[in-house]
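> could you work out the structure for the sequence below:
(one chain, ligands or ions: 1)
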Amino acid sequence: MLYTHKMVGSRDEVNLEILDTAFDMPSETLEKHVKWADGCLLIYSVTDKDSFQAACTLKDCLFQLRGPDLPVVLVSNKHDLLTARAVTEDEGANLEGELDCPRFQISVAEGQEGVTQVMEELLVLIKRELVKSLSAPQPAQDTSVPGMEKKSRLYYMKKAFKKRVVRSRSDTF
Ligand SMILES: Nc1nc2c(ncn2[C@@H]2O[C@H](COP(=O)(O)OP(=O)(O)OP(=O)(O)O)[C@@H](O)[C@H]2O)c(=O)[nH]1
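The predicted model follows:
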């Protein structure tokens, strides 16, 4: 399922496209989505070992396809059901260490506060990564070709941003 959602912050608003992947998605489909994503939430239920295993598998897939730079937040859900716990605290902490990413322990059933915190954290990471990639050194200019004179850094940042947006859109459909 693909959802759209607008998050309004104090300084800006962001339109999100959120893809809810399925457990048994074919690997080619999953790979296509992982290439498209600007960030990823790895969510598992503390009462469901299979969902934790799926998060571990997805972690390997993310590293393979996107390397360590894709913004990721790990979320363990259903903390209101700790009496039925099937995934230990240590297992969650180990996965967090392997991913080297923030981890949130929430209960969606108890309200939206945890979900909002998770989304805000992911957006911070995505913005940080975007700024990093836009401010990376640009390829050297060929000034021997007429019209290829040096352009401003802002010009290249805008160009890279547009390219990224267009790529995200075209990969969606
Ligand atoms: N007690 C409790 N139940 C929850 C919580 N979060 C989700 N649920 C319930 O768990 C069930 C599954 O929730 P979904 O949102 O469909 O989870 P999902 O991971 O998308 O499940 P799939 O559709 O199988 O992929 C629903 O009955 C939810 O109401 C939680 O934090 N606590």
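> state the distance from the most centrally placed residue in the chain to residue 125.
Residue closest to the mean C-alpha point of the chain, counted by C-alpha atoms, centre = their mean, is residue 39 at 1.3 Å. According to C-beta to C-beta, to the nearest Å, residue 39 and residue 125 sit 6 Å apart. Backbone N, C-alpha and C define where each C-beta goes, glycine included.
> now the helices for the protein?
27-36, 49-66, 89-99, 113-134, 153-172 (DSSP state H).
> contact partners of the second one?
Counting by C-beta atoms under 8 Å, 6 or more residues apart in numbering, the neighbours of helix 49-66 from elsewhere in the structure are 21, 23, 27, 30-31, 34-35, 40, 42-45, 70, 72, 74, 86-87, 91-92, 95, 98-99.
> keep only the residues you listed that also lie close to the ligand.
Among the contacts of helix 49-66, the residues that sit close to the ligand (C-beta under 6 Å from any ligand atom) are residue 23.
> for residue 32, grab the count of nearby residues.
14 (other C-beta atoms under 10 Å).
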